[in-house]
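1. Just need the structure, nothing else, for what follows:
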Amino acid sequence: MGADDKSLIRFDFLEPAYLVAVGLVLLGAFVSLGGDLGLRAPLIVIGIVWALHLSVGLAALRVSIISLSRWRATAGWPDLALLALAGVLTSFVLAPFSLVIDQVLTARGVVTDDQRLATLAQWLAGIFEEWTRVVGPALLVAVLLGLPAWWARRTVTPQVAAPVEPEVPLVQPELSQPVVPAMASSCLQRLPPALGTDLIAVRSELQYVRVYTTRGDALVLGALKDIAEQREADGQLVHRSWWVSTRHVRTLRRRGARYMLTLANGLEVPVSRRRQQALISQFGSSTTLN
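-> Got it, this is the predicted structure:
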C-alpha cells in the first residue's frame, strides 16, 4: 500500500442493518423485474427462494470481507482486489446452496430448469454450472457494497493542521543573549530509513516504542505520548499502550467484553474501555464475529 493509500474496508457497509436494507432492495428489484430463477411457481415461493439466496450470499460476503481484512496475507491488498476476492469466495458458497435449493424444489414437484441428480459426477457438474451463474452477480454486489465507502472518502474534507507559530525566544534583562527553549528531537527520527515514514501503529514498551510502518517495525527509544502529539492529525491513542493510524484500520470487532482493532498489516490492537464508544461511533463495529 502506498503512503497516500487509504483503506476503504470500513464498517458501515458491513453492518447487519445495512446489509438487511441492501437485501430488501435487491429482493424487491429482482421480484418486480420478473426474476423467476427458472421456477414455475407462485410469486410467494419465488420471493422466498430469492430471500434465501440473498441472505446466504450477503452473510457469506460479510464473513469473507472481514476474514480477508484480518488475514495477514490479504490485509494489505488494494480494496478493489479484496472485495473481488470476497465476491469469488461468496460464489463458492452460493453455488452448492443454490443447487440444493433447486433439488429440494424439484423433489417436491416444483417445475424448475434442473433435473434430478443421482450421481456424484452429476452433482459436481451441477455445482460448476451453478457457479458460472452466480459468480458474476456475487462479484458485482461485492464491488457495489464498497461504493458508500468510496463516496464517503470523496466527500470528506481533509483536515489540515493549523500552522504552528514559531516561538519567540525570551530575553532576560540581565543577559545580553536570548534564552532559547531546548526542543527535543522526535524519536521517529531514529527509525531506520528503510522503514519509511508511513506509520501503521506504535506500541509503548517501557522507555521504548515499537513503531510499525508499511515496511516493517523497529524498537526505538522514545515516548508514546510524544508520537501521539506529533501525529494527532493522522491517528489517535486507542489504548494506554497503543497509537494507531486511522487510515490503516481495517475492522473493529468484539472479543468477549473488549474490542479489538485489526490493522492493514494484520496486527490486532486492543481498545481501552474508555475509547470503545468513541471508536464505535467513528467506525461502526462488526460485533457478530467474536
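2. any chance you could map the helices in the stretch 101-250 of the chain?
-> Listed in chain order, the helices of the stretch 101-250 of the chain (DSSP state H, counting those that start in this stretch) span 120-145, 147-155, 224-230.
3. Can you redo those helices as TSV, where the extra columns are mean neighbour count, mean pLDDT and distance to Ser245?
-> (Each C-beta comes from the backbone N, C-alpha and C, glycine too.) Shown next, in TSV, are those (neighbours: other Cβ atoms under 10 Å; pLDDT from 0 to 100; distance: least, Cβ to Cβ, whole Å):
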stretch	mean neighbour count	mean pLDDT	distance to Ser245
helix 120-145	16	90	24
helix 147-155	12	60	15
helix 224-230	16	90	11
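4. between those helices, which gets nearest to Thr262?
-> Ranking the helices of the stretch 101-250 of the chain by proximity to Thr262 (Cβ to Cβ) places helix 147-155 first, at 16.2 Å.
5. could you dump the helices of the stretch 101-250 of the chain to JSON lines with distance to Gly256?
-> Below are the helices of the stretch 101-250 of the chain laid out as JSON lines (distance: least, Cβ to Cβ, whole Å):
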{"stretch": "helix 120-145", "distance to Gly256": "28"}
{"stretch": "helix 147-155", "distance to Gly256": "28"}
{"stretch": "helix 224-230", "distance to Gly256": "25"}
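6. what bits of this protein have low per-residue confidence?
-> 1-15, 33-39, 70, 75-76, 111-112, 148-185, 284-290 (pLDDT under 70).
7. where along it do the strands fall?
-> Secondary structure of the chain by DSSP state E: the strands cover 199-205, 208-213, 216-221, 235-239, 242-245, 249-255, 258-263, 268-271.
8. so which of these gets nearest Arg40?
-> Closest to Arg40 of these is strand 249-255 (Cβ to Cβ; 43.3 Å).
9. which of the residues in that closest one are buried?
-> Val249, Arg250, Thr251, Leu252, Arg253, Arg254 (16 or more other Cβ atoms under 10 Å).
10. how about it as CSV, C-alpha atoms only?
-> Provided in CSV are the C-alpha atoms of strand 249-255 (Å, rounded to 0.1, in the frame of the first residue of the first chain):
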residue,chain,number,x,y,z
VAL,A,249,-7.6,0.5,10.4
ARG,A,250,-9.4,-2.4,8.8
THR,A,251,-12.0,-3.8,11.2
LEU,A,252,-13.3,-3.2,14.7
ARG,A,253,-14.7,-6.3,16.3
ARG,A,254,-15.8,-7.5,19.7
ARG,A,255,-13.9,-10.3,21.5
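11. Counting by contacts, list what it packs against.
-> helix 43-70, strand 258-263, helix 273-283 (3 or more Cβ pairs under 8 Å, 6 or more residues apart in numbering; DSSP states H and E).
12. again, only this time at 6 Å
-> Strand 249-255 sits against helix 43-70, strand 258-263, with contacts defined as 3 or more Cβ pairs under 6 Å, 6 or more residues apart in numbering; DSSP states H and E.
13. Make CSV out of the ones you listed and add mean neighbour count and distance to Leu147.
-> Compiled in CSV, these are given as follows (neighbours: other Cβ atoms under 10 Å; distance: least, Cβ to Cβ, whole Å):
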stretch, mean neighbour count, distance to Leu147
helix 43-70, 19, 14
strand 258-263, 20, 22
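14. As TSV, the ones you listed with distance to Ala228 would be great.
-> Formatted as TSV, these follow (distance: least, Cβ to Cβ, whole Å):
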stretch	distance to Ala228
helix 43-70	25
strand 258-263	15
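15. on that earlier part again, between the strands of the chain, which one is closest to Cys187.
-> strand 216-221 (5.4 Å).
16. which residues sit in contact with Ser98?
-> Going by Cβ atoms under 6 Å, 6 or more residues apart in numbering, Ser98 touches Glu130.
17. one more time with 8 Å, if that's ok
-> His53, Glu130, Arg133, Val134 (Cβ atoms under 8 Å, 6 or more residues apart in numbering).
18. Equivalent analysis for Val249, please.
-> Contact analysis of Val249 by Cβ under 8 Å, 6+ apart lists Ser7, Leu261, Thr262, Leu263, Ala264, Phe283.
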